[in-house]
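Asker: need coordinates for the below:
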Amino acid sequence: MIDEKITIVDLGSYKIKLLVISLNEKNYIDIHAKFSIYSSGIKKGNIVDIEKFSSKIKSCIETVEKELKFKINNIFVGINSLNFNFLTFGLSRNIGSYEIEKKKDLQNLISSATNIFYHNLPNHKIIHFLNSGFYLDKHNYVENPIGLRSKTLDVNFSFLSLDKNIILNFDKAFTKLGLSVTRYFYSPFANSILSADQDSLERGFTNINFGFDKTSITLFENSKILFSSIIPIGSSHINNDLVKAVGIDKNLAEKIKLNFDEILSGKINGLLETEIKKTKTSLDIIIKIVNARIDEIIEHIFKKIIYCKSLNKSARQIIINGGGSELPIFKRKLSKKLNTSVKYAKQSFPIKDTEFNIFHDYMVCLGIAKLIFFPNKDEIKSFVKKKSGFFSKFYSLFLKS
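Answerer: Numbers count the residues shown, from 1 in each chain. Now for the predicted structure:
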């Protein structure tokens, strides 16, 4: 795929973002075009108006095609739907003290896992299928069991899936525009992969994306995804609380949110202070409203970490990003609640053109690029094969990327 231009689209509820990139011979990402537009027709990661949504996608594609004089036919797409499902379970196979074979032993477990998944979630489509750990004789963790001897082989599998109808709705919108989706990605997974360097992945970390109308939390231990969930509350809810509770307009609510630390410290900007006084709203009320919403979000995050029993594991290292993460009060409160340091995501992915703030603005797109060009070693791949007159999906650890 060296020098081949690929198009990646991040479907955010606040903004839709598009990147056209390629991988050069030095394994650096070349940025050929970037474009973002305010979203419409999509809420909480799902299409709510296909005409409005298609119009926005069309605008993105046409703008970039005109800039590059390049026809876009195929795209990679990141989705951040509240309806994503995370499922993990383990399977065991009796080996009988023989050497473990990839086709006989591992493939059997993979096939059994997919059968169990579709039996329980027949209306879902697998977006990511991951090996979350091999264990010999129940307790001995290994990275690659092939050729090793054991009495039993246990494998933990993790699935990130989405209702088929949600995917079909996206397919319809893109097909109307003459676009074919090469592959869908779970945006928080792509975002997390980009947020951490190899050391963080190996030690374990928690990635929190404090977004517009959602907050995603993804936990990793020993380089493997442990859990992921999306909380249906984001930074826009702070604005909504202020609008509903004290009757101010949306623009003032946004200014209050962005300058909340100055309000707390008593160093409020004169113009902003004048605007607030005109509403006859006390600063104490504003502080209580904003604090209450941030505390609620952090409490949800805390409960997810407790649920995973990761308070002193993955949660020892917290990496945050997303528009809401730029609020200093969020970072301070999160650090205090989890009793650990909280860091912002740093660029660890080689990008040739860094003239603009592409890392933070296009994190999901770049995370998808990383998964495309440097596939996650634990991802169980899929392809479609012809079998007995029909096409079926087949999953394997042993397919070439």
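
Asker: continuing past the host helix or strand of residue 243, what's the next helix or strand?
Answerer: Here residue 243 sits within helix 236-246, counting by DSSP states H and E. Per DSSP H and E, the first helix or strand lying C-terminal to helix 236-246 is helix 250-258.

Asker: that next one - contacts with which helices or strands?
Answerer: Contacting helix 250-258 under the criterion 3 or more C-beta pairs under 8 Å, 6 or more residues apart in numbering; DSSP states H and E are the following elements: helix 236-246, helix 270-278, helix 283-307. No exception for glycine: its C-beta is placed from N, CA and C like everyone else's.

Asker: which element, helix or strand, includes the spatially most central residue of the chain?
Answerer: Per C-alpha atoms, centre = their mean, the C-alpha nearest to the average position across the chain is that of residue 188, at 1.0 Å. Assigned by DSSP H and E, residue 188 belongs to helix 187-195.

Asker: pretty sure residue 371 is touching residue 191, no?
Answerer: No - with contact defined as C-beta atoms under 8 Å, residue 371 does not reach residue 191; the gap is 10.8 Å.

Asker: between these two, who's got more neighbours?
Answerer: residue 191 (29 against 20; other C-beta atoms under 10 Å).

Asker: pLDDT score for the more buried one?
Answerer: Confidence at residue 191, expressed as pLDDT, is 92.

Asker: how far does stretch 39-54 sit from the chain's center?
Answerer: 18 Å (C-alpha atoms, centre = their mean, to the nearest Å).

Asker: and for stretch 227-245?
Answerer: On C-alpha atoms, centre = their mean, the centre of stretch 227-245 falls 18 Å from that of its chain.

Asker: kindly report the same for stretch 330-346.
Answerer: The answer for stretch 330-346 is 19 Å, by C-alpha atoms, centre = their mean.

Asker: what's the answer for stretch 182-189, then?
Answerer: Distance of stretch 182-189 from the chain centroid (C-alpha atoms, centre = their mean) equals 7 Å.

Asker: okay, the residue nearest to the centre of the chain: pLDDT?
Answerer: On the pLDDT scale, residue 188 is placed at 95.

Asker: show me what contacts it?
Answerer: Counting by C-beta atoms under 8 Å, 6 or more residues apart in numbering, residue 188 touches 80, 207, 209, 216, 217, 218, 228, 230.

Asker: now do residue 51
Answerer: residue 41.

Asker: quick one: name whatever helix or strand follows the strand or helix carrying it.
Answerer: Using DSSP H and E, residue 51 maps to helix 50-68. Where DSSP H and E defines the elements, the next helix or strand beyond helix 50-68 is strand 74-79.

Asker: okay, now the sheet partners of that following strand, with direction.
Answerer: strand 6-11 (parallel), strand 180-186 (parallel) (DSSP bridges).

Asker: got the CA coordinates for the longest one in PDB?
Answerer: As requested, C-alpha coordinates have been extracted for strand 180-186 and formatted as PDB (Å, rounded to 0.1, in the frame of the first residue of the first chain):
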ATOM      1  CA  SER A 180     -18.100   1.900  -1.200                       C
ATOM      2  CA  VAL A 181     -17.000   1.300   2.400                       C
ATOM      3  CA  THR A 182     -13.900  -0.800   2.500                       C
ATOM      4  CA  ARG A 183     -14.300  -1.300   6.300                       C
ATOM      5  CA  TYR A 184     -15.900   0.200   9.300                       C
ATOM      6  CA  PHE A 185     -14.000   0.900  12.600                       C
ATOM      7  CA  TYR A 186     -15.100   1.400  16.200                       C
END
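
Asker: that strand vs helix 187-195, what angle?
Answerer: Relative orientation of strand 180-186 versus helix 187-195 (axes from the mean of the first three to the mean of the last three C-alpha atoms, to 10 degrees): 80 degrees.

Asker: okay, buried residues for strand 180-186 please.
Answerer: Of the residues in strand 180-186, 181, 184, 185, 186 count as buried by neighbour count, 16 or more other C-beta atoms under 10 Å.

Asker: what residues are up against residue 249?
Answerer: By C-beta under 8 Å, 6+ apart, residue 249 lies in contact with residue 243.

Asker: how close does it sit to residue 258?
Answerer: Look at residue 249 and residue 258: by C-beta to C-beta, to the nearest Å, they are 15 Å apart.

Asker: with residue 99 instead?
Answerer: Counting by C-beta to C-beta - residue 99 and residue 258 are separated by 61 Å.

Asker: domains in the protein, by residue range?
Answerer: Per automatic domain parsing, the domain ranges recorded for the chain read 85-160, 228-344.

Asker: about what we covered before: in JSON lines: the buried residues of strand 180-186, plus distance to residue 133.
Answerer: Listed next are these as JSON lines, based on distance: C-beta to C-beta, whole Å:
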{"residue": "181", "distance to residue 133": "30"}
{"residue": "184", "distance to residue 133": "25"}
{"residue": "185", "distance to residue 133": "22"}
{"residue": "186", "distance to residue 133": "20"}
